[in-house]
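Chemist: I need the structure of the sequence given here:
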Amino acid sequence: MKLRLSQITNITFILGILILSFFGSSCVNKKKDTKTMAKTKITPSKINVIFDTDANNELDDQHALAYLLFNGDTFNVNSVTVNATYNGGDIQGHYDEALRVIKLCNLNQEIPLLKGANGNFAEITNAWDPDNFDGREGVDEILEATEQDSLIIVAVGKLTNIALALKKDPSFAERTKIVWLGSNYPEPGEYNQDNDTIAMNYVLNSTIPFEMVTVRYGKPSGTDAVKVTKEEINQKMPGLGPIAKEPIIGRHGGSFSTFGDYSVSLFEYIDYHGDPPSRPLFDMVAVAILKNKSWGEPKLIPAPIFINNEWIERPDNQRKITVWENFKKEEILEDFYNSLKNPVLVSK
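Modeler: Numbers count the residues shown, from 1 in each chain. So this is what the prediction gives:
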């Protein structure tokens, strides 16, 4: 078929318009992509977490939570969930103590606080009803939050809430990571572990990414080595943190308007060990190694199991977990105090 000259001219004109449109669109998109990339570079990503705690157990939970909430340049905190362990009373006591810390950080209107398990995993799952069980509020929060956002669970108490989340929704294992303060691995006898060994084994036998921040009582390689003395707290902590809009009544009485002053009170009512007499801030270290991985040494191992008060190694286990040890005490404590002197509050 022959085309007239006028037809050829028209086709050439139309093709020219299309080519110009294509390259013009590419240039616009290229500029848009460059702008987006530039924005990404100047807005560093933060670590999104849920903090799962037995806050009323002793005093390390409170300091870990405050440290987390005062590091808003590193973390976003989606929510705080609580569980009950045997030294801290029932779930209400743990809820109340976590709320005190959140209020001292002026974040009680910003950070949701929810109750998790009061009992242990075996008790709760004995007559399992996924729609009605002890701890459902906290567990559902963990499940729903991890469906919507990329979150890490920082667990510093027993692992009951985590095990219940896995039981209710096994796909939970595919969308988060657990950083747990617990165990004397490879030795027995640690508080968080012993409060619900069955829950711990349930988590170890799952596929969820799992990092174990060791305690190791009396050993220099665990978080037990990150100790402070009463004299150090009395010297460094008074007045640290923002002024609370609403003073809190402390666990042992008294009125407090800063976390630093409340810390001094907590250290008045605790036992000390060693020479010099001191107290570890175990749980705070789990937050610290998330902030700066160089403050501890991670080691990948086949997941063991804990049976009859003994760790059983499983060298052929394809399931691997990370064990943290050998923490840099001085660097961690220096950053802890600096965070309280210059707090940057987290956002949800």
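
Chemist: before we move on, which element is the nearest residue to R251 once chain neighbours are set aside in?
Modeler: In this structure, R251 finds its nearest non-sequential neighbour in E97, 6.0 Å apart by CB to CB, 6 or more residues apart in numbering. The way it works is simple: take the backbone N, C-alpha and C, and place the C-beta from them, glycine included. Per DSSP states H and E: E97 is located in helix 91-104.

Chemist: just the mean pLDDT for the helix or strand that comes right after that helix, thanks.
Modeler: Later in the chain than helix 91-104, the nearest helix or strand by DSSP H and E is strand 113-115. Averaging pLDDT along strand 113-115 yields 98.

Chemist: output the contacting helices and strands for strand 113-115.
Modeler: For strand 113-115, the elements it packs on are strand 75-82, helix 91-104, helix 136-148, judged by 3 or more CB pairs under 8 Å, 6 or more residues apart in numbering; DSSP states H and E.

Chemist: quick one: that strand to chain centroid distance?
Modeler: With CA atoms, centre = their mean, to the nearest Å as the basis, strand 113-115 stands 15 Å off its chain's centre.

Chemist: one more: stretch 271-289?
Modeler: The answer for stretch 271-289 is 18 Å, by CA atoms, centre = their mean.

Chemist: go on, stretch 197-212?
Modeler: Centre-to-centre, stretch 197-212 and its host chain are 16 Å apart (CA atoms, centre = their mean).

Chemist: so which bits of it are buried?
Modeler: The neighbour-count check on stretch 197-212 (16 or more other CB atoms under 10 Å) flags 197-204, 206, 208, 210-212 as buried.

Chemist: contacting residues around the residue nearest the centre of the chain?
Modeler: Centrality entry for the chain: nearest residue to the mean C-alpha point is V154, 2.5 Å, by CA atoms, centre = their mean. V154 makes contact with V49, I50, F51, D52, L68, V179, A286, V287, L290, according to CB atoms under 8 Å, 6 or more residues apart in numbering.

Chemist: what segments of this protein are strands?
Modeler: Using DSSP state E, the strands assigned to the chain run over residues 47-53, 75-82, 113-115, 151-155, 176-181, 210-213, 227-228, 248-249, 255-256, 279-280, 297-302, 305-307, 310-312, 320-325.

Chemist: need the CA coordinates for the fourth one. PDB is fine.
Modeler: As requested, C-alpha coordinates have been extracted for strand 151-155 and formatted as PDB (Å, rounded to 0.1, in the frame of the first residue of the first chain):
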ATOM      1  CA  LEU A 151       8.900  -5.000  64.100                       C
ATOM      2  CA  ILE A 152      11.400  -6.600  66.400                       C
ATOM      3  CA  ILE A 153      10.100  -8.000  69.800                       C
ATOM      4  CA  VAL A 154      12.400  -7.100  72.600                       C
ATOM      5  CA  ALA A 155      11.400  -9.600  75.300                       C
END
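
Chemist: and for the closest residue to D335 other than its chain neighbours, the neighbour number?
Modeler: Nearest non-adjacent residue to D335, counting by CB to CB, 6+ apart: A288, 6.8 Å away. The tally of other residues near A288 (other CB atoms under 10 Å) stands at 28.

Chemist: would you confirm that A288 contacts W295?
Modeler: Yes. Between A288 and W295 there is a contact at 5.4 Å, judged by CB atoms under 8 Å.

Chemist: name the residues contacting each of these two.
Modeler: Residues touching both A288 and W295 (CB under 8 Å, 6+ apart) are F327, I332.

Chemist: S79 and I50, how far apart?
Modeler: According to CB to CB, to the nearest Å, S79 and I50 sit 5 Å apart.

Chemist: shared neighbours of these two, anything?
Modeler: Shared contacts of S79 and I50 (CB under 8 Å, 6+ apart): E141, A145.

Chemist: which members of the buried residues of stretch 197-212 are the farthest-apart pair?
Modeler: Spatial extent of the buried residues of stretch 197-212 (CB to CB) is set by the pair I198 and E211 at 20.3 Å.

Chemist: re the thing from before, partner residues bridging the residue nearest to the centre of the chain?
Modeler: On the basis of DSSP bridges, V154 is bridged to F51, V179.

Chemist: and it, what pLDDT?
Modeler: 98.

Chemist: the more surrounded of S79 and I50?
Modeler: More neighbours surround I50 than the other of S79 and I50, with 24 against 19 (other CB under 10 Å).

Chemist: tell me the spacing between that one and A165.
Modeler: Distance, I50 to A165, using CB to CB: 10 Å.
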